[in-house]
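Engineer: predicted structure and sequence below. I'll ask about it afterward.
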4 protein chains.
Amino acid sequence: MAERVEGTMKAFVMKEIGRVGFMDKPVPRPGPSDAIVRTTSALICTSDSHTVKGGIGPRENLTLGHEGVGVVHEVGDEVRNFRPGDRVLVGAITPDWGDLASQNGHPSQSGGPLGGFKFANSKDGVFAEYFHVNEADANLAKIPDGVPDEMAVYCADMLSTGFMGAENGNIPLGGTVAVLAQGPVGLMATAGAKLRGAGLVIGVESVPSRQKLARDYGADEIVDFTTEDVVERILELTQGHGVDTAIEALGADVTFQTAIKITKPGGTVSNTGYYGEGEFVRIPRIEWGVGMADKTITTGLCPGGRLRMERLLRVLESKRLDPTHMTTHTFRFDEMERAFEVADKKLDDMVKVLITFS
Amino acid sequence: MAERVEGTMKAFVMKEIGRVGFMDKPVPRPGPSDAIVRTTSALICTSDSHTVKGGIGPRENLTLGHEGVGVVHEVGDEVRNFRPGDRVLVGAITPDWGDLASQNGHPSQSGGPLGGFKFANSKDGVFAEYFHVNEADANLAKIPDGVPDEMAVYCADMLSTGFMGAENGNIPLGGTVAVLAQGPVGLMATAGAKLRGAGLVIGVESVPSRQKLARDYGADEIVDFTTEDVVERILELTQGHGVDTAIEALGADVTFQTAIKITKPGGTVSNTGYYGEGEFVRIPRIEWGVGMADKTITTGLCPGGRLRMERLLRVLESKRLDPTHMTTHTFRFDEMERAFEVADKKLDDMVKVLITFS
Amino acid sequence: MAERVEGTMKAFVMKEIGRVGFMDKPVPRPGPSDAIVRTTSALICTSDSHTVKGGIGPRENLTLGHEGVGVVHEVGDEVRNFRPGDRVLVGAITPDWGDLASQNGHPSQSGGPLGGFKFANSKDGVFAEYFHVNEADANLAKIPDGVPDEMAVYCADMLSTGFMGAENGNIPLGGTVAVLAQGPVGLMATAGAKLRGAGLVIGVESVPSRQKLARDYGADEIVDFTTEDVVERILELTQGHGVDTAIEALGADVTFQTAIKITKPGGTVSNTGYYGEGEFVRIPRIEWGVGMADKTITTGLCPGGRLRMERLLRVLESKRLDPTHMTTHTFRFDEMERAFEVADKKLDDMVKVLITFS
Amino acid sequence: MAERVEGTMKAFVMKEIGRVGFMDKPVPRPGPSDAIVRTTSALICTSDSHTVKGGIGPRENLTLGHEGVGVVHEVGDEVRNFRPGDRVLVGAITPDWGDLASQNGHPSQSGGPLGGFKFANSKDGVFAEYFHVNEADANLAKIPDGVPDEMAVYCADMLSTGFMGAENGNIPLGGTVAVLAQGPVGLMATAGAKLRGAGLVIGVESVPSRQKLARDYGADEIVDFTTEDVVERILELTQGHGVDTAIEALGADVTFQTAIKITKPGGTVSNTGYYGEGEFVRIPRIEWGVGMADKTITTGLCPGGRLRMERLLRVLESKRLDPTHMTTHTFRFDEMERAFEVADKKLDDMVKVLITFS
């Protein structure tokens, strides 16, 4: 980074639809219950690419990024649990905790549908030297000594979303689970299914490097949709019953249909995918039991908040899981343009791209 | 009924697709754990019409009907809780209680998807002078003295299915509910929503006589889809939030879409409808929060079994509800052909047609 | 009230253990997210008596009362949903919504065990001309036009706590419920059990006026513990099975034991009572199935918050319930000393004492 | 075994309270839906000792044992899923699946409190060359090729009961759990807590060999009640919050009290222990939040049935867990008297005693 004006910082932004780059911005200041964090590590997410392509509509000079950790730089007057110097994680979703949706148990929906999703959406994101966190006491979590920043940062979205897929799937101990697609969220859903005690975890994936990661994270069987009939193979693996839980981790109409088909009567289809196209997501009528087979469909948006982050960090601290095997690429923040290209184009078997700040 | 041969009975059957009529059949005999019931009251269901039109495939001389009550005529050697002369109700669904699906909490899916649905499907139904009940100890329930047969018979399917819509909808005390269509199942879903403590129940219906019944059974507001925009009106009635629970009680793609649209993030769409057409039932992508708005979709098939029936009968016995207001027509069993025509063609503001046996 | 100094108000306080009376206090001022409410109606609770007797330890000049409604007088800068002149209800419990316990789904426990209980505990209560509300956007609710203040005030604690007893009891539609003691919380638990669709509600009570109220609010059967063996009678009423749900609404060791005894294997004992005495609350070992009969014991503290209050108000607005039949006495605020005596000594068949402000 | 009369077998029985030994019995015959299993492996349980001491009352020549596997010897006419020669596991609890308690989701309570517990209680157990299984289709499970008999036999009770402790405890992913006592059920509760994704598992135990097993099965921390204050230490390990879930795995009043004390408000005490003494099990009033701290107490009896057993076997098949580390002693069936003594007196650091049949 070159010299800079006092009180300004570098930020990597979406200048307009289809165009990204660096720009200088003022270092943000906290409101009474907020915090400002100096970024140390961040991850690029496929939804950053969606955003740049216009997935959430036009934006001008919006700082990208929602997966970040760092060190508390400044806090507002009413913040009681954190102070400058604390090493902290913040969830990708930073709810308003007093909102009606939060009181209803759905904080990610606070402020409206998907309203907890603020970073790189309704405010600047974490691809900057500093970023702003609302309701710091409720949305930050201290990182334990044994967990390095570049590992903790996976909790912000990847663990939280992937695990949510497993949790919403109501997996019985010893139950059967299929995870459809083994991108980073799918891999963490696979890990989550194993962590919930599934007895058989089936990963659906065609890319060899991701198949290998899936096995490492807990898949007992791999089904390759390019060489096998997924529905037929999964029914065979489950003695014709279908799985207790199918986790959709791609966000495609056809995958969602497969999820319905492979789920047993009484089972659950748990969605983590973002559906970016088409007017409808379609349920296959017959395999859904004409609406009467007790097949439940659940959805969700990455859970955030201090309690959630503390629990995810504990999973890392106790060495139940090491998500850093997904880090296929590492760049310094000043190499962000190249980093974004690698992530956007999924070059070199990219799974996750880590950005380091210094 | 004319004279008849010893050991035979009259049955009203589907002779083939599109053709119904009476025929003589042998009085059934029980296996060791079964019972034979002499029918006293029955109800015609719209699914009897679906069946005759070929909805479940071809059948030959299948006795129709799955909503019936009567008096125990004969029991198998291992039946311990019932004996000849007992006045009994049997659910439309008669599960195999030892099946894996039953052990998993989904008895209606025992023996395969929708496998608990046996009457007028995989075996003869109740539109006959006698009918057969499997696992009698587990599938029959004694009718309390204060509940007449023509009221109890509503528990077999209408209360059980309608209430299931409310139960699966996870209605909070004081919550907001919309019930889409006020046919007999929708009316009982409306009653069920009120019984679960909903604070606002909105019934969607255009037929005046059904609107009136809906109000009687607990609808606080009626929305007429022929004169109002249902989505707009329901959002208005809920201050823009949408309902906690939308119960689909029609079985139509368009109604299902409406259900998704009117449900708040974090809410539940509870399906009771049978979808008889099309390759897909379609979820509107944007209003489903692109798969991330915590909107859950549940489905089910009428719960059966002794415990369920006893609980439903208790609701009638304690006078929480009188379903007989839905009985718009009553016929004797020997008038079955005319009765079936009234039901099939929904003549004269038909809601439910009661059949009496003597 | 006599003339008073600008900026001061009358408050009815616990001067020390065992002594109550009026005093002047400054009208409170709001922090940035708080509100000040001018009181219009309040109710006296038995826990006010407990407090005065030292139940929560010594207090000096603490304003009593936690059930109150009024008109917004002033709001802090960050309050967005309420403004002066709004007619509002506030729950007896006013949680910190960002706290870890709230994020965990237990807002009444925010800030520590029972920490959401602030009024007349960790800060001044509502028996004053004005009172202070923390996190106003999250803890206040507007009162609908059709619900008078003296009815709405029952939501603050009586409906919320009584209904919680029913909700935590996991009552099946058509299930069997016993509510042990028909004081105001027990009566609202009775009403709550009916609102959740119980098929049989048994009220245990000996006082005739309360027995009558219990019947009005939904008890199908009354058991008088002074003339009957409660366990024997309830087993008889449930054909020897025991109830699905027993709600303890007294807070006595012996009643808790009865609750365990009358609950069927697989059933739930839902506690609403406050246990004020003894080192232990005792579970009868044998009737608890030596720890193996699938009998669950749940507890809770009155839920608070805007969403809860809005739902309870909707129950009143839709005329599902009229709690004002419990108002046996009404006093003006300047008659507070006499009012408190009536409540404290349970004079004249007192159920609830309403205080009006003008 | 010596020569024997055709149709007879050796059985190890409780002759009367306090006295055990071998005797000859007729090989049992199946009813229409039953099976007879030739025993290959069995485990001795502490409850066998309780029974001999009179814990369930007097018995005469009752065959002991409820943890067994074997080969199907004979089946009744109506058995469809199993045939002679199948290698099978049967749960310690063999429910009546049509019973009202089973329909209510509590099959272990079928036929009355703890009624699913039949082996060595209401009928002969598995310490014999052959044993009888009711409802064979619903209560047997085939053992996969990769799982040896001496491993599968742990599913019958140890895994099923221990895992139940974890499942009933409602453990959040990344949550904190304490397991009180590391006997075989406690060890499997520890394993179960890890399998459900707990982030911190604390085992309470003083015996070094059991402490070591606890660590192997997933305990991150060990607390020794002989050298530390358990409550203080666990609060310290959880930053003063207490655990999300405390699993009682001993069945002692004092341990139960500890469980209440170490559980956070909103947390769950999950009981697996059998309480053999005293009129009461006592809840410490203050630490239970005077009945208002949202602390839930759950209980249960070992779940049985084919679905349960299949799921547990899948956990073994996928090598998530190896319970055979608990096998500290192995004896042939003809050494049963010595084996029983070792188990009864907990000699030589006994954890579990395996019995082999040949």
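Structural biologist: Thanks, I have it. Remember, predicted model here, so these are calculated numbers, not experimental data. Residues are numbered from 1 along each chain as shown, chains lettered A, B, ... in the order given.
Engineer: show the pLDDT at residue A:1.
Structural biologist: Residue A:1 is assigned a predicted lDDT (pLDDT) of 40.
Engineer: can you count the residues close to residue A:259?
Structural biologist: Burial of residue A:259 is recorded as 31 neighbouring residues (other Cβ atoms under 10 Å in any protein chain shown). Any C-beta I mention is one placed from the backbone N, CA and C, and that applies to glycine too.
Engineer: cool, residue A:254 as well?
Structural biologist: If you count neighbours by other Cβ under 10 Å, residue A:254 ends up with 11.
Engineer: what about it, which SS state?
Structural biologist: Here residue A:254 is recorded as helix under DSSP: H, G, I helix; E, B strand; the rest coil.
Engineer: check the one 3 residues further on too.
Structural biologist: In three-state terms, and counting by three-state DSSP, residue A:257 is helix.
Engineer: okay, it: pLDDT?
Structural biologist: With respect to pLDDT, residue A:257 scores 98.
Engineer: low-confidence stretches in chain A?
Structural biologist: For chain A, the stretches flagged by pLDDT under 70 are A:1-5.
Engineer: kindly report the residues of it close to chain D.
Structural biologist: In this structure, chain A approaches chain D at residues A:163, A:166-167, A:172-176, A:192, A:194-197, A:199-200, A:220, A:310-315, A:317-318, A:320, judged by Cβ under 8 Å from any Cβ of the partner chain.
Engineer: try 6 Å
Structural biologist: Contacts of chain A with chain D, taken as Cβ under 6 Å from any Cβ of the partner chain, map to A:163, A:173-174, A:195-197, A:199-200, A:220, A:311-312, A:314-315, A:318.
Engineer: confirm for me that residue A:38 is in contact with residue A:130.
Structural biologist: Yes: with contacts counted by Cβ atoms under 6 Å, residue A:38 reaches residue A:130, the gap being 5.4 Å.
Engineer: common neighbours of those two, please.
Structural biologist: residue A:73 (Cβ atoms under 6 Å, 6 or more residues apart in numbering or on different chains).
Engineer: you'd agree residue A:274 is in a strand?
Structural biologist: No: using three-state DSSP, the assignment for residue A:274 is coil, not a strand.
Engineer: how about the helices in the stretch 201-350 of chain A?
Structural biologist: A:208-217, A:230-237, A:253-262, A:306-317, A:336-344 (DSSP state H, counting those that start in this stretch).
Engineer: for chain B, find the nearest of those helices.
Structural biologist: Closest of the helices of the stretch 201-350 of chain A to chain B is helix A:253-262, at 8.1 Å (criterion: Cβ to the nearest Cβ).
Engineer: and the residue nearest to residue A:343 when sequence neighbours are not counted, what are its phi and psi?
Structural biologist: Taking Cβ to Cβ, 6 or more residues apart in numbering or on different chains, and ignoring the residues beside it in sequence, residue A:343 has residue A:44 as its nearest neighbour in space, at 4.1 Å. Backbone torsions for residue A:44, taken as degrees, to the nearest 10, come to phi -90, psi 140.
Engineer: can you get me a residue count around residue A:44?
Structural biologist: For residue A:44, using other Cβ under 10 Å, the count is 26.
Engineer: repeat for residue A:328
Structural biologist: Neighbour count for residue A:328, taken as other Cβ under 10 Å: 18.
Engineer: which residues does it contact?
Structural biologist: The contact partners of residue A:328, taken as Cβ under 6 Å, 6+ apart, are A:350, A:351.
Engineer: for the stretch 101-250 of chain A, give the residue positioned nearest to chain C.
Structural biologist: Counting by Cβ to the nearest Cβ, the stretch 101-250 of chain A gets nearest to chain C through residue A:138 (3.1 Å).
Engineer: ditto for the stretch 201-350 of chain A
Structural biologist: For the stretch 201-350 of chain A, Cβ to the nearest Cβ, closest residue to chain C: residue A:307, 4.0 Å.
Engineer: returning to that earlier point: the residue of the stretch 101-250 of chain A closest to chain C: what's it in contact with?
Structural biologist: A:97, A:306, C:98.
Engineer: skipping its backbone neighbours, what lies nearest it in space?
Structural biologist: residue C:98 (3.1 Å).
Engineer: for the one you found, list the residues it contacts.
Structural biologist: With contact taken as Cβ under 6 Å, 6+ apart, residue C:98 is in contact with A:97, A:135, A:137, A:138.
Engineer: from the residues you listed, which is closest to residue B:273?
Structural biologist: residue A:97 (37.1 Å; Cβ to Cβ).
Engineer: quick one: the strands in the stretch 51-200 of chain A?
Structural biologist: All strands of the stretch 51-200 of chain A, identified by DSSP state E, counting those that start in this stretch, fall at A:62-63, A:67-75, A:87-90, A:130-133, A:140-142, A:176-180, A:200-204.
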